[in-house]
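Asker: Dropping a prediction and its sequence here:
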Amino acid sequence: MALTQVTGGVIASGVTITNPTISGYLNLPTGTTGTRPGSPATGTTGYNTTIGQMEFYDGTNWIGTYAPPTYSVNYL
């Protein structure tokens, strides 16, 4: 992916890094579940307004980044 230096940050395929310092922030692509890319590359990341969280594509499924952890307890 080619990066282009611009004033105030870097733009790469819709991703903008604003004020790239410790206090800067990253603007991710935003959309709904229905507007996800048709053939996303593994690692595609964005903010899904339908579910209200960031998600990424793992090559098979869209995974919400705020999914609660799963615990397993074994008793003797």
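Answerer: Nice, I can see it.
Asker: List phi and psi for the residue nearest to residue 44 when sequence neighbours are not counted.
Answerer: Computed as CB to CB, 6 or more residues apart in numbering, the closest residue to residue 44 that is not its neighbour in sequence is residue 57, at 4.4 Å. All C-beta atoms are positioned from the backbone trio N, CA, C, and that covers glycine. Per-residue torsions, residue 57: phi -100, psi 120 (degrees, to the nearest 10).
Asker: check contacts around residue 57.
Answerer: Counting by CB atoms under 8 Å, 6 or more residues apart in numbering, residue 57 touches 40, 41, 42, 43, 44, 45, 63.
Asker: Would you check which pair of these lies furthest apart?
Answerer: 41 and 63 (14.4 Å; CB to CB).
Asker: And those two? Which one has more around it.
Answerer: Using other CB atoms under 10 Å as the criterion, residue 41 and residue 63 rank with residue 63 on top: 12 against 9.
Asker: isn't the more buried one right up against residue 51?
Answerer: No: with contact defined as CB atoms under 8 Å, residue 63 and residue 51 do not form a contacting pair (11.1 Å).
Asker: What strand or helix carries residue 47?
Answerer: Element membership for residue 47 (DSSP states H and E) is strand 45-48.
Asker: if we can go back for a sec, show the buried residues in the contacts of residue 57.
Answerer: residue 44 (16 or more other CB atoms under 10 Å).
Asker: can I get the contacts of residue 57 in a markdown table with distance to residue 73, secondary structure and pLDDT?
Answerer: Listed next are the contacts of residue 57 as a markdown table, based on distance: CB to CB, whole Å; DSSP: H, G, I helix; E, B strand; the rest coil; pLDDT from 0 to 100:
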| residue | distance to residue 73 | secondary structure | pLDDT |
| --- | --- | --- | --- |
| 40 | 35 | coil | 92 |
| 41 | 37 | coil | 92 |
| 42 | 32 | coil | 93 |
| 43 | 32 | coil | 91 |
| 44 | 34 | coil | 91 |
| 45 | 32 | strand | 92 |
| 63 | 24 | strand | 92 |
